[in-house]
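Chemist: got a predicted structure here, sequence first:
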Amino acid sequence: MHGQVSQDTPVGVPADLIWNVYRGLELGRLVDKIASDVLGRVECLEGDGGVGTILKFTFPPASGFPGGDCMKEIFTKVDDENRVKETEMIEGGYKALGFDVVRIRLEILEKDSESCIIRSSIVYEGDDKLADVVSQVSVKPLGTMAEIVGKHLSDNKSTL
């Protein structure tokens, strides 16, 4: 069994500015600074923000994130030309529910010179026995992150 869930989040910030945050470690730093109570803590275990970087996410209590209170992922693609970053869950999260592969894809799509769309997708693969847990796969936390980061950057454009 395989599937995908996606969400597009429009933000009033230029695509290049969003990409500079999303492409590497700055996204985790910003989440820690402005949204750790909602999204949790992000810790870099290995790497410099390029392919091979490993992050650990610790979710806030009562977040109800499937698969436990933490998750690890590895960066598998950072495409500056197309503004695409892909990661793969390697521990916890949806992997803990039994999925063989869980990939997160973040794309920054330019609308015009002052706005863009953050497309957040989760692609999953697993045994057909997982049909009962597929409904738990949600891109909502990624959409929430896009909204919070987009608003923060929009509100602080003059100081960036």
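Modeler: Structure received.
Chemist: which stretches of this structure aren't confidently modelled?
Modeler: 62-68, 158-160 (pLDDT under 70).
Chemist: which helices and strands does the lengthiest helix in it pack with?
Modeler: Ranked by residue count, the top helix of the chain under DSSP state H comes out as helix 140-155. Judged by 3 or more Cβ pairs under 8 Å, 6 or more residues apart in numbering; DSSP states H and E, helix 140-155 is in contact with strand 2-11, helix 15-22, helix 26-39, strand 115-125. In short, each C-beta sits where N, CA and C put it, glycine included.
Chemist: direction included, what does the first one pair up with?
Modeler: To tie it back to what came earlier, the one meant is strand 2-11. strand 115-125 (antiparallel) (DSSP bridges).
Chemist: so which of the helices and strands packed on helix 140-155 is nearest residue 60?
Modeler: Comparing those against residue 60 with Cβ to Cβ, the closest turns out to be helix 26-39 (6.1 Å).
Chemist: show me the contact partners of the closest one.
Modeler: 20-21, 40-44, 49, 55, 59-60, 141, 144-145, 148-149, 152 (Cβ atoms under 8 Å, 6 or more residues apart in numbering).
Chemist: quick one on the thing from earlier: any chance of the helices and strands packed on helix 140-155 in JSON lines, plus mean neighbour count and distance to residue 74?
Modeler: As requested, the helices and strands packed on helix 140-155 are exported to JSON lines (neighbours: other Cβ atoms under 10 Å; distance: least, Cβ to Cβ, whole Å):
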{"stretch": "strand 2-11", "mean neighbour count": "15", "distance to residue 74": "19"}
{"stretch": "helix 15-22", "mean neighbour count": "20", "distance to residue 74": "16"}
{"stretch": "helix 26-39", "mean neighbour count": "16", "distance to residue 74": "14"}
{"stretch": "strand 115-125", "mean neighbour count": "20", "distance to residue 74": "15"}
